[in-house]
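Peer 1: Sequence plus predicted model, see below.
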Amino acid sequence: MSLTDRLDEAVAARREDLIALTQDLIRIPTLNPPGDNYLEICEYLDRRLGASGFQTELVRAYGAPGDSDKHPRWNIVARREGAYPGECVHFNSHIDVVEVGRGWTTDPFGGELKDGKIYGRGACDMKGGLAASIIAAEAFLAVCPDFAGAIEISGTADEESGGFGGVAYLAEKGFFSPERVQHVIIPEPLNKDRICLGHRGVWWAEIETHGEIAHGSMPFLGDCAVRHMGAVVAEMETSLFPALAQKRTDMPVVPDGAKQSTLNINSIHGGENEQEDDYTGLPAPCVPDSCRMVIDRRFLIEEDIDEVREEVMQILRTVAERRATFSYDVTELHRVLPTMTEKSAPVVQVVAKAIADTMGREAEYVVSPGTYDQKHIDRIGKLKNCIAYGPGILDLAHKPDEYVGVDDMLDSARVMGRSLIALLARD
Ligand SMILES: [Zn+2]
């Protein structure tokens, strides 16, 4: 029997184990924010991977955003050395999940198995992917104990809130340096036959318009910052949004609507602060002297971040020409450059072949509309040989009644296991 046949058998034999592992992970509610139970899930993974012969390290991201004694940012990195020198394949999964939200018909932390699907917050994004990678590694070790190189599996904090207490911290500490790790697979839910090469860029900024406070019955004695902001929004509608729709990318971004530049207005706040719900009084009549808008601009690999910023500045200058008292500030809040791994990169080639061999159809290449931890591995770790590949269905992420299919996890575990054979087995 060939090595890949034996691997397929070893994965299939672990079906019940895979289900139980996924359920256990879902039952540890690692909500972020605030960042609950990171230590508990890291200790669980420590026991599991320690029993499979991995050396483990628990790493707290001291001082990272969000880290506190009440909500410490714990991460785990597990490494299993092979019998011979070689390259290291790293599977990175985030261990945090987003808030539950409304509309669930199952217990979000119950891990219920129904009709071949496991339900729960994080089932799809991405505890199912983490479980599949562990099963893949364990099945590979069972059939190929004398491999060359090393396998690493990490469970990291805070991906949902930017990854600063997780992958970014580990990358700063050298865990993703090209000397240590040569191939990275992030089992994010991108569908089991798709390889995600990277993501678009992000530019977040806050625009503030200034005015002058006065009595609301005599607005002509003040200067309304909200009207100034209204002019900014109107100018965006007439010139910026149509221009963004014209910018198309050659990146294979999914879904289709994200193949262009986009801009979201996250929030606008102007004038008096809103009172608590239990306040029963009326608002006071004042002309707003400040209005703040947060924008979320997603940009393409063909665009330059300075041009992205300049477009917004141009809108503001245009408005300023028309409005005598217009004054404003722009504060950059966050920036991430787009990243896209080459299709010729070794990890892409190997996983694409494993998908074709396992599922009998060619892999599809995609790029994510939003960012994920690849950004830190690329920019801080300087590691370009990185993809996202995992079993969950992308559209279910963050939704009520999120689930992961058991067969999907098994299929993707076979793909991951075959990739390990291609990269680490000695022939
Ligand atoms: Zn995710």
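Peer 2: On my side now, so go ahead.
Peer 1: switch to C-alpha atoms for all contacts and neighbour counts from now on
Peer 2: Will do.
Peer 1: doesn't residue 77 fall inside a strand?
Peer 2: Yes. Assessed with DSSP: H, G, I helix; E, B strand; the rest coil, residue 77 lies in a strand.
Peer 1: quick one: contacts for it?
Peer 2: Counting by Cα atoms under 8 Å, 6 or more residues apart in numbering, residue 77 touches 56, 57, 58, 59, 152, 153, 154, 155.
Peer 1: List just the nearest of those to residue 94.
Peer 2: Comparing the contacts of residue 77 against residue 94 with Cα to Cα picks out residue 155 as the nearest, at 5.4 Å.
Peer 1: Please report how far the closest one lies from residue 131.
Peer 2: The gap separating residue 155 from residue 131 is 11 Å, by Cα to Cα, to the nearest Å.
Peer 1: now residue 305
Peer 2: Between residue 305 and residue 131 the computed distance is 37 Å (Cα to Cα).
Peer 1: Check the average confidence over stretch 31-45, would you?
Peer 2: Per-residue pLDDT over stretch 31-45 has a mean of 97.
Peer 1: What residues of that stretch count as buried?
Peer 2: With burial defined by 16 or more other Cα atoms under 10 Å, the residues of stretch 31-45 counted as buried are 31, 32, 34, 35, 36, 37, 38, 39, 41, 42, 43, 45.
Peer 1: swap in stretch 145-154?
Peer 2: With burial defined by 16+ other Cα under 10 Å, the residues of stretch 145-154 counted as buried are 147, 148, 149, 150, 151, 152, 153, 154.
Peer 1: circling back to that earlier point, what's the closest of the buried residues of stretch 31-45 to residue 368?
Peer 2: For the buried residues of stretch 31-45, with residue 368 as the reference and Cα to Cα as the criterion, the closest is residue 32, at 21.2 Å.
Peer 1: Give me the phi and psi angles of that closest one.
Peer 2: Backbone dihedrals for residue 32, given as degrees, to the nearest 10, come out at phi -140, psi 130.
Peer 1: How about the contacts made by it?
Peer 2: Contact analysis of residue 32 by Cα under 8 Å, 6+ apart lists 96, 97, 98, 99, 158, 160, 161.
Peer 1: burial count for the fourth one?
Peer 2: Around residue 99 sit 17 other residues, with neighbours defined as other Cα atoms under 10 Å.
Peer 1: Domain-wise, how is the protein divided?
Peer 2: Following the assignment in automatic domain parsing, the chain carries domains at 3-199+338-424, 201-272+283-336.
Peer 1: now do the same end-to-end measure for the last one.
Peer 2: For domain 201-272+283-336, the separation between the terminal residues is 5 Å (Cα to Cα).
Peer 1: What of the first one?
Peer 2: For domain 3-199+338-424, the separation between the terminal residues is 12 Å (Cα to Cα).
Peer 1: follow-up on the earlier one: so which of the contacts of residue 77 sit within strands?
Peer 2: Taking DSSP state E as the definition of strands, the contacts of residue 77 contribute 56, 57, 58, 59, 152, 153, 154, 155.
Peer 1: Which stretch among the domains of the chain is buried most, on average?
Peer 2: Highest mean neighbour count among the domains of the chain (mean count of other Cα atoms under 10 Å): domain 3-199+338-424, with a mean of 21.
Peer 1: Point to the residue nearest the middle of the protein.
Peer 2: Residue closest to the mean C-alpha point of the chain, counted by Cα atoms, centre = their mean, is residue 372 at 2.8 Å.
Peer 1: need the contact list for the closest residue to that one other than its chain neighbours.
Peer 2: Leaving aside its sequence neighbours, residue 372 sits nearest to residue 159 (Cα to Cα, 6 or more residues apart in numbering; 6.8 Å). Taking Cα under 8 Å, 6+ apart, we find residue 159 in contact with 94, 96, 166, 167, 372, 373.
Peer 1: quick one on the thing from earlier: just the ones in helices from the contacts of residue 32, please.
Peer 2: Among those, DSSP state H puts none in helices.
Peer 1: Switch those residues over to JSON lines; also include pLDDT and distance to residue 332.
Peer 2: Shown next, in JSON lines, are those (pLDDT from 0 to 100; distance: Cα to Cα, whole Å):
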{"residue": "96", "pLDDT": "98", "distance to residue 332": "27"}
{"residue": "97", "pLDDT": "97", "distance to residue 332": "27"}
{"residue": "98", "pLDDT": "95", "distance to residue 332": "25"}
{"residue": "99", "pLDDT": "94", "distance to residue 332": "27"}
{"residue": "158", "pLDDT": "97", "distance to residue 332": "22"}
{"residue": "160", "pLDDT": "93", "distance to residue 332": "20"}
{"residue": "161", "pLDDT": "91", "distance to residue 332": "17"}
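Peer 1: Determine which two of those residues are furthest apart.
Peer 2: For those, the farthest-apart pair by Cα to Cα is 99 and 158; their separation is 12.7 Å.
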